[in-house]
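Q: got a structure for you, letters missing:
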Ligand code: GLA
C-alpha cells in the first residue's frame, strides 16, 4: 500500500493505492500540511458492518460495478451483454511531473485499460482530471457511460449551486440541499446548452466550497450521491447516446477534462481558482491578452437590414464615441434577408455588398477600429446553395423528419468534407479581408445527430475546425456564441477568446446573468453590451448610466443604432467608454469577489485585497430609510484603507471596520452603479 499525494498552495488530494484495485479516495480538500497523512489504511479503521460483504469496496477514483461497489459506477460498458462487471485488477501510479500523476488501471477480467490523469496545478489550485479507456479485449466494447472524474465530497457538504436558463435568460441559479437522495443535472441538447451549465459549486457547513466544471461543449451530466460512509461521490463527464461509443479492440476514448477546485474561503475562492484555470487555457494572439477592445455589434441596431451607407455612418458614429472594434453581425452573406435562408453560403450578399465587404472593412479600419464578422459555420438552411448541393451533409436519420429550429439544420461536423468546405469558405474571407475577429454562433439544439449518434464527433469536429482556423490565422480572435450564452464552457475557450453571455441586454436581467457567469469564468471573457432603450428582449427601460454601469466590468460593447441616440445619451455613452478604458485593466486582471449588501444592492470587487475596484449595483429602489452598509470580507483587519468614490473625496477607514461594519453607501436611485477604489495605506 502507498499514498499518492498532490499539493497546491490551497488544495491537497490524497489517494490510498493498492496494486490490485483502483486508488481509494482518502482526501480532497483545503491544503493539509506536508506529512499530514491518514493514520492507517481505510479498511483498518472501519470494521465490517452487519449483513455486509466481507469485501469492503470504498470510494475510489474509478468505482466499478457488480463487484461490491454499490454507489454509481464510473463506467457502464459491455460486450454483447458480457463483461459488464468492472473492478480494477491492477494499478500502477506514474509520476508524470511534480504536479501530475497518472493512474494506470487494468481490469484483466473485463479486458479494460484505464488511465486517469490528475494534475493539481500550483498556479491555479485546480485539480484537472481526465480518463482514457482502452478496449484491451478482443471484441467490440459498447460504452454507455464513462465518467471523466469521480470526486469525493465531505460529509458536511450541505448545498449545491448549479445553473439553469434558456435563450434570453441564462444563469438562473438553483440551490439544492444535498440529502441522502441523489442529485443530478444532465444536458441532452448536443451543445453546452442554456439550461444546464456544465459545472456546480458545493458548499459545506464549515464554509469550505468545492467547485467542478466539465471542459466540454456537448452533452454532459453530473451527479452527487450519498455513500455509505457519509461522504458523497460527485461524478462528472460527457454522456453518450445509445450506440454512440463502440470501441474496437485496441481502440481508446479520452473524456473531456474536469476542472475541480476547493477553497476554505468559500465560493469566492472557488471562483478565483476557476478564473485562473480558465485564463491559463486561452491561447491569445501574440501570447498575452491585449486590453479588451470596446465593441460595436450591429445586431440589435440593424438586424438583417444591412445597407452600406448606413453601416458606414454607424462606423463613423462608433469611432467618435471611442469604439475600437466593429463587428458586422448576421445579415451580410448571400441572400440573408431574414432567418429563413442562406446559412452555409458564406460569401457577401451581392445586392447589399456589390463590391464585397472590403469597402466597409476598409472604412472601419480607416477609422482606427478592428473589423469583425459573424458566422455560424455548423449550420445550414434548407434554402441555401450549400444544402441544395449537399443535402446529405446535414445531420439526419433515414426515415425520420428533419427537425428544424430557427429554420435551420445542423451540418455533420464529423465529415472531413464538411470541415474542409467550411475551412475554405472562412479562409476565403479571412485570407482576403482585414478581419481581426469572428463571432462564431450556433443557434439551435441538436436533435438526432446522425444515423449513428455522433454528438461527440460533432463537438470534436467543431474543435478541429476552430483549431485549424486558429493555426492558419493566429491573429484572429473568436467569440463563442450560441443564441447568446448557449456555449459557455471551459472546452471551447481553448479555441476562443470571448463569450456572448446572453441575447438579453436588459441591464436588470444582466445583473444576475453576469453574476452567475462570474462564478465560473473571468470577467474579461464576459461579453457585456449596452443595449437600446427600451430593451429589445424585455421592453424595459433603463438609463444610459445604468446600462453602461452594469456592462462595465465585462468585455464592454455597444449594441444599438448609435445614430438614434439623443445627444445626451451619446455623450454619456462616450464617457462610459472612457471610464471603461480607464478601469478595464483593473477589472480584467486579478481576483473577483461577489457579495450582497441587502436592500437590493449587490457588489463585486476586482483586483487584490490591498488594491480593489469596488462595483456596487442597486437593481431596485430602496425599501430602507437608510442605505445599507457594504461589508468587505477580503480586507486585512490590521491595515487601513483609502476608500475613494469615483466622483468625490476619499476617506481613510480601518480594514476591520470595513470588514465587520462596512462601507456606508450613499442614497442611490432605484437603478444605479457606484464605483470605488479601495487601497491599503
Ligand atoms: C444569435 C446571437 C445574436 C445574433 C443573432 C444573429 O441570436 O446570440 O447575438 O448574432 O444570433 O442571428
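A: Looks like it came in fine. All values derive from a computational prediction rather than experimental measurement.

Q: Give me the helices and strands touching the top helix by length along the chain, please.
A: Of all the segments assigned as helix in the chain under DSSP state H, the longest by residue count is helix 567-587. Here helix 567-587 touches helix 308-321, helix 544-551, strand 555-559, strand 601-608, strand 611-618, going by 3 or more CB pairs under 8 Å, 6 or more residues apart in numbering; DSSP states H and E. Where you see a C-beta, it was placed from the backbone N, CA and C, and this is true even at glycine.

Q: Relative to the ligand, which residue of this protein is the closest?
A: Distances between the chain and the ligand by CB to the nearest ligand atom are smallest at residue 330, namely 3.4 Å.

Q: Angles on the backbone of the residue nearest to residue 282 when sequence neighbours are not counted, please.
A: Computed as CB to CB, 6 or more residues apart in numbering, the closest residue to residue 282 that is not its neighbour in sequence is residue 493, at 5.9 Å. Per-residue torsions, residue 493: phi -70, psi -20 (degrees, to the nearest 10).

Q: Report the contact partners of residue 493.
A: Applying CB atoms under 8 Å, 6 or more residues apart in numbering, one finds that residue 493 lies in contact with 278, 281-282, 480, 499, 521, 525.

Q: now those residues in a markdown table, with neighbour count and pLDDT?
A: Formatted as a markdown table, the entries for the contacts of residue 493 read as follows, by neighbours: other CB atoms under 10 Å; pLDDT from 0 to 100:
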| residue | neighbour count | pLDDT |
| --- | --- | --- |
| 278 | 23 | 98 |
| 281 | 17 | 98 |
| 282 | 18 | 98 |
| 480 | 27 | 98 |
| 499 | 26 | 98 |
| 521 | 25 | 98 |
| 525 | 26 | 98 |
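
Q: Which of those residues fall within strands?
A: Cross-referencing those with the strands (criterion: DSSP state E) gives 480, 499 as the overlap.

Q: The helices and strands packed on helix 567-587: which one's closest to residue 643?
A: Taking CB to CB as the measure, the helices and strands packed on helix 567-587 were each checked against residue 643, and strand 611-618 came out nearest at 8.3 Å.

Q: Paired strands for the helix or strand following the closest one, with orientation please.
A: Toward the C-terminal end, the helix or strand that comes next after strand 611-618 (DSSP states H and E) is strand 629-630. Paired strands of strand 629-630, with direction, are strand 663-664 (antiparallel) (DSSP bridges).

Q: Next, the angle helix 567-587 makes with the next helix or strand after the partner strand.
A: Scanning the chain past strand 663-664 towards its C-terminal end, the next helix or strand to appear is strand 672-680 (assignment: DSSP H and E). With axes from the mean of the first three to the mean of the last three CA atoms, to 10 degrees as the criterion, the two stretches strand 672-680 and helix 567-587 enclose an angle of 30 degrees.

Q: coming back round to it: of the helices and strands packed on helix 567-587, which is nearest residue 179?
A: For those, proximity to residue 179 was assessed by CB to CB; strand 601-608 is nearest, at 29.1 Å.

Q: so that closest one versus strand 672-680, what angle?
A: Going by the same axes, to 10 degrees, strand 601-608 is angled at 40 degrees with respect to strand 672-680.

Q: Can you name the residues that contact the residue of the chain closest to the ligand?
A: For residue 330, the contacting residues are 299, 303-304, 336, 339, 374, 376, 441, taking CB under 8 Å, 6+ apart as the criterion.

Q: okay if I get these as JSON lines plus secondary structure?
A: Supplementary listing: these in JSON lines, determined by DSSP: H, G, I helix; E, B strand; the rest coil:
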{"residue": "299", "secondary structure": "helix"}
{"residue": "303", "secondary structure": "coil"}
{"residue": "304", "secondary structure": "coil"}
{"residue": "336", "secondary structure": "coil"}
{"residue": "339", "secondary structure": "coil"}
{"residue": "374", "secondary structure": "strand"}
{"residue": "376", "secondary structure": "coil"}
{"residue": "441", "secondary structure": "coil"}
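
Q: got the residue ranges for the strands in the stretch 251-400 of the chain?
A: According to DSSP state E, counting those that start in this stretch, the stretch 251-400 of the chain carries its strands in the segments 252-254, 258-263, 295-297, 325-328, 370-375, 379-380.

Q: gap between the fourth one and the chain center?
A: By that I understand strand 325-328. Relative to its chain's centre, strand 325-328 lies at 23 Å (CA atoms, centre = their mean, to the nearest Å).

Q: Nearest spatial neighbour of the spatially most central residue of the chain, chain-adjacent residues omitted?
A: Closest residue to the average C-alpha location of the chain: residue 489 at 2.8 Å, with CA atoms, centre = their mean. Distance criterion CB to CB, 6+ apart; nearest residue to residue 489, sequence neighbours excluded, is residue 192 at 4.6 Å.

Q: Double-check that that neighbour belongs to a helix.
A: No: Residue 192: not assigned to a helix; according to three-state DSSP it is coil.

Q: Thought residue 483 was touching it, still the case?
A: No: if you go by CB atoms under 8 Å, residue 192 and residue 483 don't touch, sitting 11.1 Å apart.

Q: More neighbours: these two, which one.
A: With other CB atoms under 10 Å as the criterion, residue 192 and residue 483 differ in neighbour count, and residue 192 comes out ahead with 27 against 22.

Q: that older thread, want to throw the contacts of residue 330 into a markdown table with pLDDT?
A: Conversion of the contacts of residue 330 to a markdown table gives the following (pLDDT from 0 to 100):
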| residue | pLDDT |
| --- | --- |
| 299 | 98 |
| 303 | 98 |
| 304 | 98 |
| 336 | 98 |
| 339 | 98 |
| 374 | 98 |
| 376 | 98 |
| 441 | 98 |
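
Q: Select only the buried ones of these in ChimeraX?
A: Here is the ChimeraX command that selects the buried residues among those (16 or more other CB atoms under 10 Å):
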select :299,304,336,339,374,376,441
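
Q: out of the contacts of residue 330, who's near the ligand?
A: Judged by CB under 6 Å from any ligand atom, the overlap between the contacts of residue 330 and the neighbourhood of the ligand comprises 299, 374, 441.

Q: what's the closest of the residues you listed to residue 382?
A: Of all those, the one sitting nearest residue 382 is residue 441; the distance, using CB to CB, is 18.2 Å.

Q: what's near enough to touch the closest one?
A: The neighbourhood of residue 441, defined by CB under 8 Å, 6+ apart, consists of 330, 374-376, 379, 481-483.

Q: same thing but at 6 Å, please
A: Taking CB atoms under 6 Å, 6 or more residues apart in numbering as the criterion, residue 441 is in contact with 376, 481.

Q: got the phi/psi numbers for it?
A: phi -100, psi 170.
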